[in-house]
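**Student:** Turn this into a model:
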Amino acid sequence: MATQPPIVVGLTICRDFLRDSASGNYSVIRSFTGHPIDSFPGSGEPFCVFAILTEGAGEVEAELIATWFGDEGIVEYARARVRVRFPDPLQLVECLFRFNRFSFPGPGVYQFGLYLDGEWAAQRGLRVYEREAIP
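**Tutor:** Sure thing, here's the model as predicted:
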């Protein structure tokens, strides 16, 4: 458990995340808010949910909860967890959830909520739609 709660500097959904080992710099590749699917249920392209955290101390459990706002109502759809360690409160720390396959049961808005040690920290919405019905 962290001795002080971290602050979320940013949360994004993107195609990929790369870290340059020589410089320590990172690249967020193709950030997006809409995700086309060929047919439902189905999977789209692989994607990542990436957060930058700071001002934490110790370790936290980071949990990403996907909630689907579909035609039949609001459903908690998926969860993923990682441990995040803060070596220095002034350091920016990455928190990455990588999804090579993520099955979407239907079109609608999917909200990805980030929780740190069980407390809400940030959220990001993703609009999922059938590729033929591109708005």
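
**Student:** how about residue 60, secondary structure?
**Tutor:** strand (DSSP: H, G, I helix; E, B strand; the rest coil).

**Student:** count of neighbours near it?
**Tutor:** 25 (other Cβ atoms under 10 Å). Heads up, the C-betas are built off the backbone N, CA and C, glycines and all.

**Student:** And it, how close does it get to residue 85?
**Tutor:** 8 Å (Cβ to Cβ, to the nearest Å).

**Student:** any residues in contact with both of these two?
**Tutor:** Taking Cβ atoms under 8 Å, 6 or more residues apart in numbering as the criterion, residue 60 and residue 85 do not both touch any residue.

**Student:** tell me the pLDDT at the most centrally placed residue in the chain?
**Tutor:** Closest to where the C-alpha atoms of the chain average out (Cα atoms, centre = their mean) is residue 49, at 2.6 Å. If you check residue 49, the pLDDT there is 96.

**Student:** Find the nearest non-adjacent residue to it, please.
**Tutor:** residue 97 (4.5 Å; Cβ to Cβ, 6 or more residues apart in numbering).

**Student:** thinking the one you found is in contact with residue 79, fair?
**Tutor:** No: judged on Cβ atoms under 8 Å, residue 97 makes no contact with residue 79 at a distance of 10.2 Å.

**Student:** These two: who's more crowded?
**Tutor:** Ranked by neighbour count (other Cβ under 10 Å), residue 97 and residue 79 place residue 97 first, with 20 against 11.

**Student:** Provide the secondary structure category for the residue nearest to the centre of the chain.
**Tutor:** With three-state DSSP as the criterion, residue 49 reads strand.

**Student:** For it, which residues are in contact?
**Tutor:** By Cβ under 8 Å, 6+ apart, the residues touching residue 49 are 11, 12, 13, 64, 96, 97, 99, 112, 114, 124.

**Student:** do the same with residue 78
**Tutor:** By Cβ under 8 Å, 6+ apart, the neighbours of residue 78 are 65, 66, 102.

**Student:** in the sheet, who's paired with the first one?
**Tutor:** The residues paired with residue 65 through beta bridges, assigned by DSSP bridges, are residue 79, residue 113.
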